[in-house]
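Trainee: Test case, fold it:
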Amino acid sequence: MDTSAYLNSVVEQTSTFADWVDGRDASTPVPTCPKWTLTELVDHLGATQRMVTMLVNERLAEPSRAFAAYVPGPTDSTQWRAWLTDGAAAAKQAFESVADDAQVWDPAGGAAGVPFWSRRLFGEASVHRADAAGALGTRYELAPELAVAAIEDWLDTMTSRGYWENRPDFAEGMRGNGQTLHFHASDAPGEWVARREPDKVVLERTHTKADVAVRGPAADLLLVLSRRRPIDAAPTLEVHGDRALFDRWIEHMDWVSD
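Mentor: Model (predicted):
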């Protein structure tokens, strides 16, 4: 997927998210983000899109101004639909105005800010729409090809140099001596092998024998890898090998679940 495709999906998924939450009880708990209510979930998604819009529009090389510009979302849930869809549309417009090689802060530790953020907003929309579905009892669906792209975003971001360096708890939990985990989507092309090293997690797009392998439909695999669904509640997924190694991996995938 390219920047345009990512942002088109951001707009589409945000619109669906907005329809779901429009006028709903703002105090509804979000089971997959135990410290959040629907208010915090809506605010997080919309505020993140606005922060990234500012980063891209102003070609910011560091994020302090964008963080400082944070304004909470509406507390009235009847205003959420317009606030969310306006924010997604503004983000799409911002990305349409820049080239992929424009210099924008890249928290992953690389120099690919525009492509990083277009994919990251897509990943945010994909995962947090699952949060809303769980909170509201709505069926969550995501096409296999889109789910593969969201898995790619999740795994690539979680194994990035920037995440390792800025999350010492994650780094300590993920240090290893070559243990491997294989994730395999069964309904669309997508395979990843994560290898735990002493100073990083290496992510490869390949098929190979690993210490533990998890295989199944891409959307279900996304929900489990992002801690939106326990592996025991995902009967479509097959786990082969060292289950304890996979459980340890999931234990430390706590990026946005708290």
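Trainee: Can you list the buried residues in the lengthiest helix in the chain?
Mentor: Counting by DSSP state H, the longest helix found in the chain is helix 113-136. By 16 or more other CB atoms under 10 Å, the buried positions in helix 113-136 come out as 113-135. Backbone N, C-alpha and C define where each C-beta goes, glycine included.
Trainee: just checking, residue 180 is part of a strand?
Mentor: Yes. According to DSSP: H, G, I helix; E, B strand; the rest coil, residue 180 belongs to a strand.
Trainee: which SS class is the closest residue in space to it that isn't next to it in sequence?
Mentor: Counting by CB to CB, 6 or more residues apart in numbering, residue 180 lies nearest to residue 210, which is 3.9 Å off, once chain neighbours are set aside. Put simply, residue 210 is coil when judged by three-state DSSP.
Trainee: who are the neighbours in contact with residue 210?
Mentor: By CB atoms under 8 Å, 6 or more residues apart in numbering, residue 210 lies in contact with 180-182, 193, 241.
Trainee: same thing but at 10 Å, please
Mentor: By CB atoms under 10 Å, 6 or more residues apart in numbering, the contact set of residue 210 is 179-184, 193-195, 240-242, 245.
Trainee: where does it land on pLDDT?
Mentor: Reading off the confidence values, residue 210 has pLDDT 98.
Trainee: all strands in the stretch 51-200 of the chain, in order from the N-terminus.
Mentor: 179-185, 191-197, 200-204 (DSSP state E, counting those that start in this stretch).
Trainee: Where does pLDDT dip in the chain?
Mentor: 255-258 (pLDDT under 70).
Trainee: How is it divided into domains?
Mentor: 3-141, 147-251 (automatic domain parsing).
Trainee: Count the neighbours of residue 19 for me.
Mentor: Per other CB atoms under 10 Å, the neighbour tally for residue 19 reads 14.
Trainee: okay but it is in contact with residue 82, surely?
Mentor: No. Between residue 19 and residue 82 there is no contact under CB atoms under 10 Å: 11.8 Å.
Trainee: circling back to that earlier point, let me know which of the strands of the stretch 51-200 of the chain is tucked in deepest.
Mentor: strand 179-185 (a mean of 21; mean count of other CB atoms under 10 Å).
Trainee: Please name the strands paired to that strand in the sheet, noting orientation.
Mentor: If you go by DSSP bridges, strand 179-185 pairs up with strand 191-197 (antiparallel), strand 212-216 (parallel).
Trainee: Is it possible to get CSV of those that adds distance to residue 235?
Mentor: CSV is the format used below for these (distance: least, CB to CB, whole Å):
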stretch, distance to residue 235
strand 191-197, 21
strand 212-216, 9
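Trainee: To residue 73, which of the ones you listed lies closest?
Mentor: Nearest of the strands paired with strand 179-185 to residue 73, taken as CB to CB: strand 191-197 at 33.8 Å.
Trainee: The closest one relative to strand 200-204, how many degrees between them?
Mentor: Interaxial angle, strand 191-197 versus strand 200-204 (axes from the mean of the first three to the mean of the last three CA atoms, to 10 degrees): 160 degrees.
Trainee: Contacts for strand 191-197 next, please.
Mentor: With contact meaning CB under 10 Å, 6+ apart, strand 191-197 is reached by 148, 151-152, 154-156, 158-159, 173-185, 201-211, 213, 215, 221, 225, 245, 248-249.
Trainee: Of all the strands of the stretch 51-200 of the chain, which one comes closest to residue 69?
Mentor: strand 200-204 (32.6 Å).
Trainee: in its sheet, what does the closest one sit against?
Mentor: strand 191-197 (antiparallel).
Trainee: any idea how far the nearest residue to residue 249 once chain neighbours are set aside is from residue 6?
Mentor: Sequence neighbours aside, residue 181 is the residue nearest to residue 249 in space, at 5.8 Å (criterion: CB to CB, 6+ apart). Separation of residue 181 from residue 6 (CB to CB, to the nearest Å) stands at 26 Å.
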